[in-house]
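>>> Structure for this input, please:
(one chain, ligands or ions: 1)
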Amino acid sequence: MRIDVVSIFPEYLAPLELSLIGKARQDGLLELNVHDLRTFTTDKHRTVDDTPYGGGAGMVMKPEPWAQALESIAKSGMTPEDGAAKKPVLIVPSPAGERFNQALAYELADEEQLVFACGRYEGIDERVIEWAAGHFTVRPMSLGDYVLNGGEVAVLAMVEAIGRLLPGVVGNPESLVEESHSDGLLEYPVYTKPSSWRDREVPAILLSGNHGKIAQWRRHEQFRRTAARRPDLLAEFDAGGLTRADKAAF
Ligand code: 6GU
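Residues are numbered from 1 along each chain as shown. Got it, this is the predicted structure:
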């Protein structure tokens, strides 16, 4: 997979050189390029923003540098003529976007090229978003219902969520199967040694060696936790998602 990120704060993306994602880049599993939007300006002051038409607080990102940046990335990337199956996906982080979740992380992990356009201030001139649809599949995306100062932190989160799903990035792919949200429920609680710690015991069932009972207990805990912390997820987990084993765990 290839990822391009455009930002006026490229240093914000430095953590993508660390840990699992940094290793994936070194191993050639992921090509990731960070671009400074200001390098695509043409004026002396390298201006990227201006006042909003119609008035109001804050500044809006000007269209010209964005078009230059996105055009240059579109040209440098794989085109259908080079064998790319489809247009790259342009993700525009915004609290006004579609809510990002694990299902979307899986969907985006299947793409050949992702481009992230980090807005700052009150956002990017809307015409950029419309124009970009000629080169990209455009997906405005939000992390959740709160406001960040810009898209950079959201990109760190989304790239990590997507990158760890790429083949070979997580050493043991089985660890992707039993984690929260992989099956629509939250993960069960986990414990390690010592079995007794500060007068607290590990649930006896986990020491029993009875793998059937352990699986049933874990499933029950998944439902219990999801009902307590995220009842909205339980409502989405329709009856079709319930197996016979689930009904026993319930
Ligand atoms: Cl993706 N961007 C910004 N600026 N704020 C957010 C967000 C994204 N998701 C939640 N809040």
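
>>> number of nearby residues for the residue nearest to residue 17 when sequence neighbours are not counted?
Distance criterion C-beta to C-beta, 6 or more residues apart in numbering; nearest residue to residue 17, sequence neighbours excluded, is residue 25 at 7.2 Å. Yep, even glycine has a C-beta here, placed from its N, CA and C like the rest. A count of neighbours around residue 25, defined by other C-beta atoms under 10 Å, yields 17.

>>> Ok, residue 124 next?
Neighbours of residue 124 (other C-beta under 10 Å): 26.

>>> Now do the same contact list for the residue nearest to residue 17.
Each residue near residue 25 by C-beta atoms under 8 Å, 6 or more residues apart in numbering is listed here: 16-17, 31-32.

>>> State the phi and psi torsions of it.
Note on residue 25: its backbone torsions stand at phi -70, psi -50 [degrees, to the nearest 10].

>>> State the distance from it to residue 113.
Using C-beta to C-beta, to the nearest Å, one gets 15 Å for the distance from residue 25 to residue 113.

>>> Tell me how far residue 13 lies from residue 218.
For residue 13 relative to residue 218 (C-beta to C-beta), the value is 37 Å.

>>> just residue 33 next, same as before
Separation of residue 33 from residue 218 (C-beta to C-beta): 41 Å.

>>> In terms of packing, which of those two has more residues around it?
residue 218 (18 against 15).

>>> neighbouring contacts of the lengthiest strand in the chain?
Longest strand in the chain by number of residues (criterion: DSSP state E): strand 89-99. By C-beta under 8 Å, 6+ apart, the surrounding residues in contact with strand 89-99 are 70, 104, 108, 111, 113-119, 123-124, 129, 132, 135-148, 150-151, 154-155, 158.

>>> Just give the nearest non-adjacent residue to the spatially most central residue of the chain, would you?
The chain has residue 158 as the residue nearest its centroid, 2.1 Å off, counting by C-alpha atoms, centre = their mean. In space, and not counting its chain neighbours, residue 158 is closest to residue 100: 5.9 Å by C-beta to C-beta, 6+ apart.

>>> ok, now residue 21?
Per C-beta to C-beta, 6+ apart, closest to residue 21 is residue 163, 4.7 Å.

>>> Just to check, that neighbour is in contact with residue 22?
No. Shown here, residue 163 and residue 22 do not form a contact pair, counting by C-beta atoms under 8 Å, at 9.9 Å.

>>> quick one, which of these two is more surrounded?
A count of neighbours by other C-beta under 10 Å puts residue 163 above the other of residue 163 and residue 22, at 25 against 16.

>>> quick one, longest helix in the protein?
helix 211-229 (DSSP state H).

>>> List the buried residues for the helix or strand just after that helix?
Later in the chain than helix 211-229, the nearest helix or strand by DSSP states H and E is helix 231-236. Within helix 231-236, the residues scored as buried using 16 or more other C-beta atoms under 10 Å are 233-234.

>>> Would you mind pulling the contact partners of helix 231-236?
Contacts of helix 231-236 (C-beta under 8 Å, 6+ apart): 184-186, 223, 226-227.

>>> Quick one: buried ones out of the contacts of residue 25?
16, 32.

>>> what packs against whatever helix or strand comes next after the longest strand of the chain?
Next along the chain after strand 89-99, taking DSSP H and E as the criterion, comes helix 102-109. Applying 3 or more C-beta pairs under 8 Å, 6 or more residues apart in numbering; DSSP states H and E, we find helix 102-109 packed against strand 89-99, helix 152-163.

>>> element containing residue 166, please.
For residue 166, there is no host helix or strand (DSSP H and E).

>>> What residues does it make contact with?
Contacts of residue 166 by C-beta under 8 Å, 6+ apart are 1, 24, 29-30, 109.
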